[in-house]
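>>> pasting the sequence and the predicted model now:
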Amino acid sequence: MAVVYVNDKPVDISNEKLNLIQAALKGGVFIPHYCWHPALTVVASCRMCLVEVGERKPDGSVAMQPKVVPACQTPAKDGTVVVTNSAKTRSAQGQTLEGLLLNHPLDCPVCDKAGECLLQDFSYHFGNSQSRMIDEKNTPPNKPYISDTITLFADRCIMCSRCVRFTREISGQAELQVINRGNHSEIDIFPGEPLNNKLAGNVVDLCPVGALCSKDFLYKQRVWFLKPQKSVCGDCSTGCSIFVDHNKDIVYRLRARENPQAQGYFMCDEGRYGFHYVNSSQRILQPTAGGEASGNGQPAFQTYGDMIVTVRRQLLDAASRDGAGLAAVLSPFLTCEEGYLLAKFIKGLSPQAILALGPVPVVGEDDGYPKDRHGRPAQPVKFTIHAEKCPNRRGVEAVLRHFQGDVVGFDQVVQRAAEGRLQAVYMALGYPPRPVELFTPAHAESLRRVPLLIVQDLFPSPVSAIAHYVLPAASFAEKDGTFVNHKGLAQAVHWATRPPRNIRTDGQVFLDLLERRGLFHAPSLRVELAREVPYFAPLAAGDLGEHGILLEGG
């Protein structure tokens, strides 16, 4: 057994390659650091992690090195002794912070990073109580031009170089560099080449101070007002684990959450900045009976109770007349639990009913990183933005296969509608707005021939415009459930904000249509889903944990 001694406490590091920061953390001791990050190369430039190090000899004696060393650059090996709480270590940490703060401005009252800034935190826990700086500070100008989405407050930078290493090692396009020398070193871009790659937003998360800030979030909200919720990005099939930061039912930003089974440490800018539709006032905000269903040719607003009773009765009537003429379209933006409830409801009305997978948005090809300076993918691939722009195709397909044996495409529903073979169609969509319109006027023209068309969606579309009943849908930030990503990893989605205007979530509507009492509770329904659908059997405990569960065939 290999053992490291952290402040006299033995820590087992057998069969692990760790540095002293990681070994100490395993033993419950935090060593402060700025430049080190587990996904980046080690440079040991910030010197914040200086500790005393020695070696325990076979006879039990300890030989300590005379000088403090950077823990990030020192490998942990059997017999290593680490001291993080000695006077020498505390003095080194205090002097390091004093040096870092010599030119740092007193921007805390206006800085976006205030409240989650490592410079603030470490100054309080490890720093000196006052500064001896009496000279004029070096104040380089801000650089809002470095990126369309990121601004650089150069005088706040502590030169940890995390951002530079990220653009070289992860995104691979090396837009950022260190210019000048010594006390005048700065981060900058190559002339005419701004930091606009699709992973650029990660440098804001990586920056331990308030130097790199997101223009999208700048001056929008104080971080101590925000409530972080663990969830999953709904923008593509990568299924990045994220934090949804929100306050008063408004989503302000998304941040990557570490998950070694999903995306690792980072997320793409498409997902990071693609959440604003959640806060849009253009969403469908109340149930509506349109056109012929209202009786006077004009859309009429309905209460949920009245709407659900009416919709259920008319679907039941349609199924009793022609069971094979009933169809439901299940979007790949539904959670597994929502798809299960809707499939169960529709098949309960008629075993001959058709269940179809909604359109699967695909944009371009899978985009791998890092890239070289010419934009060509390099090996090994460290991050992939998937062309499939939906979070749960695999999960919904598993539900469809269980209930009807195969997966029917949306085009088949449109074709049957055009041929007059469908009596009723329930479309559970929930698609965010896309540059490519998934539902065209041609689709609407075919579906117009269906006597009963019910559309549940986030935004108006040509299909919702001709629907007899329109129901609001909930976004990924407003629902609980399970998403299954491209490789079969089932992760828990948790609601962060309440839907606007008391909108019922899709799952709650399906429960009401099934005439099941109570509120939608994802863990209970997950257990039920796992019991009934073999593909989801590994989810039988109901709790998916921090990193999710890999399903069979994943």
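Here it is on my side, so go on.

>>> could you use CA atoms for every contact and neighbour count after this?
Fine.

>>> may I see the buried residues of stretch 420-436?
420-432 (16 or more other Cα atoms under 10 Å).

>>> out of those residues, which is nearest to A465?
Set against A465, the nearest of these by Cα to Cα is M427 (12.9 Å).

>>> looks to me like the closest one is in a strand.
Yes: M427 forms part of a strand when assessed by DSSP: H, G, I helix; E, B strand; the rest coil.

>>> what sits against it?
Applying Cα atoms under 8 Å, 6 or more residues apart in numbering to M427 gives the contacts 328-331, 453-456.

>>> from G271, how far off is it?
Distance of M427 to G271, computed by Cα to Cα, to the nearest Å: 25 Å.

>>> tell me which of the buried residues of stretch 420-436 is nearest to L101?
Distances from L101 to these, taken by Cα to Cα, are shortest for P432, at 44.6 Å.

>>> element containing the closest one?
Here P432 sits in a region with no helix or strand, counting by DSSP states H and E.

>>> that one contacts N279, doesn't it?
No: P432 sits out of contact with N279 when judged by Cα atoms under 8 Å, with a separation of 11.5 Å.

>>> would you confirm that V493 contacts E478?
No: the pair formed by V493 and E478 falls short of the contact definition of Cα under 8 Å, at 9.2 Å.

>>> of these two, which one has the most company?
V493 (25 against 20; other Cα atoms under 10 Å).

>>> give me the distance between that one and N485.
12 Å.

>>> ok, now T440?
27 Å.

>>> circling back to that earlier point, closest to E169 out of the buried residues of stretch 420-436?
P432 (32.2 Å).

>>> for the closest one, list the residues it contacts.
Here P432 is in contact with 277, 458-459, 475 (Cα under 8 Å, 6+ apart).

>>> quick one: low-confidence parts of the stretch 51-200 of the chain?
Within the stretch 51-200 of the chain, no range satisfies pLDDT under 70.

>>> same thing but at 90, please
Within the stretch 51-200 of the chain, the stretches falling below the threshold (pLDDT under 90) are 58-61, 102-103, 106, 128-139, 181-184.

>>> so where do the strands sit in it?
62-64, 69-70, 80-83, 150-152, 176-179, 186-189 (DSSP state E, counting those that start in this stretch).

>>> rewinding a little: tabulate the buried residues of stretch 420-436 (TSV), appending distance to R401 and pLDDT.
Formatted as TSV, these follow (distance: Cα to Cα, whole Å; pLDDT from 0 to 100):
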residue	distance to R401	pLDDT
G420	26	95
R421	22	96
L422	21	97
Q423	23	96
A424	21	97
V425	19	98
Y426	18	98
M427	18	98
A428	17	98
L429	19	96
G430	21	94
Y431	22	95
P432	25	94
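
>>> and F520, how many neighbours?
With other Cα under 10 Å as criterion, F520 counts 23.

>>> more neighbours, T440 and N485?
A count of neighbours by other Cα under 10 Å puts N485 above the other of T440 and N485, at 25 against 12.

>>> next one: stretch 201-216 to chain centre, how far?
Averaged C-alpha coordinates place stretch 201-216 at 17 Å from its chain's average position (Cα atoms, centre = their mean, to the nearest Å).

>>> mind listing what's buried along that stretch?
For stretch 201-216, by 16+ other Cα under 10 Å, it's 201-214.

>>> and the closest residue to T505 other than its chain neighbours, which of the three is it?
Excluding the flanking residues, the one nearest T505 by Cα to Cα, 6 or more residues apart in numbering is A474, at 5.1 Å. Classification of A474 using three-state DSSP returns coil.

>>> and the helix-or-strand element of the chain with minimal mean pLDDT, what does it pack onto?
Lowest on mean pLDDT, DSSP states H and E among the helices and strands of the chain sits strand 300-301, with a mean of 70. Applying 3 or more Cα pairs under 8 Å, 6 or more residues apart in numbering; DSSP states H and E, we find strand 300-301 packed against strand 288-289.

>>> how about 10 Å then?
In terms of contacts (3 or more Cα pairs under 10 Å, 6 or more residues apart in numbering; DSSP states H and E), strand 300-301 is packed against strand 288-289, strand 469-472.

>>> what is the mean pLDDT for the helix or strand following it?
Sequence order places helix 304-321 as the next helix or strand after strand 300-301, per DSSP H and E. If you average the pLDDT over helix 304-321, you get 94.

>>> which strands or helices does helix 304-321 pack on?
By 3+ Cα pairs under 10 Å, 6+ apart, helix 304-321 packs against strand 288-289, strand 326-330, helix 336-349, strand 424-428, strand 452-457, strand 469-472, helix 506-513.

>>> pick out the shakiest of those, pLDDT-wise.
strand 288-289 has the lowest average pLDDT among those, namely a mean of 90.

>>> OK, contacts around the spatially most central residue of the chain?
The residue lying closest to the centre of the chain (Cα atoms, centre = their mean) is I242, at 3.0 Å. Residues near I242 by Cα atoms under 10 Å, 6 or more residues apart in numbering: 228-234, 254-259, 265-267, 271-272, 493.

>>> and N196, by the same measure?
146-150, 173, 175, 269.

>>> please repeat the previous calculation with a cut-off of 7 Å.
Under the criterion of Cα atoms under 7 Å, 6 or more residues apart in numbering, the neighbours of N196 are 147-148.

>>> how far away is it from T149?
Taking Cα to Cα, one finds N196 at 8 Å from T149.

>>> what is P75 paired to in the beta sheet?
N19 (DSSP bridges).

>>> next one: the one 5 residues further on
Beta-bridge partners of T80, counted by DSSP bridges, are E55.

>>> how near is it to G305?
68 Å.

>>> of those two, who's got more company?
Neighbour totals were compared for T80 and G305, and T80 leads with 22 against 10 (other Cα under 10 Å).

>>> pretty sure that one contacts G54?
Yes: using Cα atoms under 7 Å, T80 is in contact with G54, at 6.0 Å.

>>> about what we covered before: name the SS class of the residue nearest to the centre of the chain, please.
From three-state DSSP, the assignment for I242 is strand.

>>> per-residue pLDDT of it, please?
Reading off the model, I242 has pLDDT 98.

>>> equivalent analysis for P435, please.
P435 is given a pLDDT of 62.

>>> swap in S446?
At S446, pLDDT is 96.

>>> for the nearest residue to it once chain neighbours are set aside, give me its contacts.
Using Cα to Cα, 6+ apart and skipping the chain neighbours, the partner closest in space to S446 is A418 (4.5 Å). By Cα under 7 Å, 6+ apart, the contact set of A418 is 446-447, 449.
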